[in-house]
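Undergrad: this is the structure alone, sequence omitted:
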């Protein structure tokens, strides 16, 4: 899964196709979705995720991502697929696209194909955006496929470039030690929020351009091992993001933001499209005890960086 720091929303086709390009700074994290694929002897298709499906053809499959992934790889019968996740769905960590990326990787491998991460990410985008028409961007698929800490650029012609951010290891470790993730206790409807963002885009495009510029500036700073502007970039991006849709924030989120800042956080934002999931706060070491005490009624997590991206952990 992934954390998006700045630029989220500029990876939507409605933005980058009309405003030259979009860009984000994001990081893959050590929370995972596990996909198991096995050949089935009786010719049927069995799926086990939040529900169970046992069908005779892919046209009968209810799970649209699985159905279209199988169709894309010309798999029509005799397969079973199961799914486990470290974090529940709709938490703002890109889990839905991580599922599609992992599924494609497993299905390709089951056919004896070892695809490059770009092929997997591009295929996931085609399924989710072009075929299924989900109102989402491209950053989650590429973050899950490639792993690492990256500046990702989305060109108007549809090309996506991954630019690894090569920072001093001690600086990355310090950043991770200062990032805290508050579980808000509810999921969010990313599609509804992103639909609203796209509807508002003509009148909010200047905010989106500014968010893209923030991502560009943060990338350049981080490549120079300069983290002085990191929290400023997070604050500015969050202020702009809230202006793209009234659904991004909520009274609960606004309250947690205010309490976090009062307790010593230097910046904060909701992960994903907004509305729920996790609230991320940047808190310097000397204020972390106060921060934890102030927000002790919430579950607070910390994540680490994943350098690899989607991978096959067992192949029989």
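TA: Yes, it's here. Model, not experiment: these values are computed from the prediction.
Undergrad: which parts of the stretch 151-300 of the chain are strands?
TA: 160-164, 179-183, 267-270, 278-282, 300-301 (DSSP state E, counting those that start in this stretch).
Undergrad: quick one: which of those is nearest residue 107?
TA: strand 160-164 (21.4 Å; Cβ to Cβ). (C-beta placed from N, C-alpha, C; glycine too.)
Undergrad: what's the closest non-adjacent residue to residue 24?
TA: residue 7 (3.5 Å; Cβ to Cβ, 6 or more residues apart in numbering).
Undergrad: distance of that neighbour from residue 138?
TA: 12 Å (Cβ to Cβ, to the nearest Å).
Undergrad: what do you get for residue 224?
TA: 27 Å.
Undergrad: so where's the protein uncertain?
TA: Scanning the chain for pLDDT under 70 picks out 186-190, 273-275.
Undergrad: so for it, the centremost residue is which one?
TA: In the chain, the centroid-proximal residue (Cα atoms, centre = their mean) is residue 94; its distance is 2.9 Å.
Undergrad: that one contacts residue 24, doesn't it?
TA: No: counting by Cβ atoms under 8 Å, residue 94 does not reach residue 24; the two are 11.2 Å apart.
Undergrad: need the overlap of contacts for those two.
TA: Counting by Cβ atoms under 8 Å, 6 or more residues apart in numbering, the contacts common to residue 94 and residue 24 are 4, 139.
Undergrad: and stretch 109-124, how far apart are its ends?
TA: 15 Å (Cα to Cα, to the nearest Å).
Undergrad: hmm, who's touching it?
TA: Under the contact criterion Cβ under 8 Å, 6+ apart, stretch 109-124 has outside partners 37, 39, 72-73, 75, 79, 97, 100-101, 104-105, 108, 138, 141-142, 144-146, 160, 162, 309-310, 312, 315.
Undergrad: strands - which of the residues you listed land there?
TA: Judged by DSSP state E, the contacts of stretch 109-124 include 37, 39, 79, 160, 162 as members of strands.
Undergrad: and which of those is nearest residue 57?
TA: Out of these, the member with the shortest distance to residue 57 (by Cβ to Cβ) is residue 79, at 11.7 Å.
Undergrad: near that closest one, how many other residues are there?
TA: By the criterion of other Cβ atoms under 10 Å, residue 79 has 20 neighbours.
Undergrad: also the one 4 residues further on?
TA: Using other Cβ under 10 Å, residue 83 has 17 other residues around it.
Undergrad: helix or strand for it, which one?
TA: Following DSSP states H and E, one finds residue 83 within strand 79-85.
Undergrad: buried stuff in that strand?
TA: By 16 or more other Cβ atoms under 10 Å, the buried positions in strand 79-85 come out as 79, 80, 81, 83, 85.
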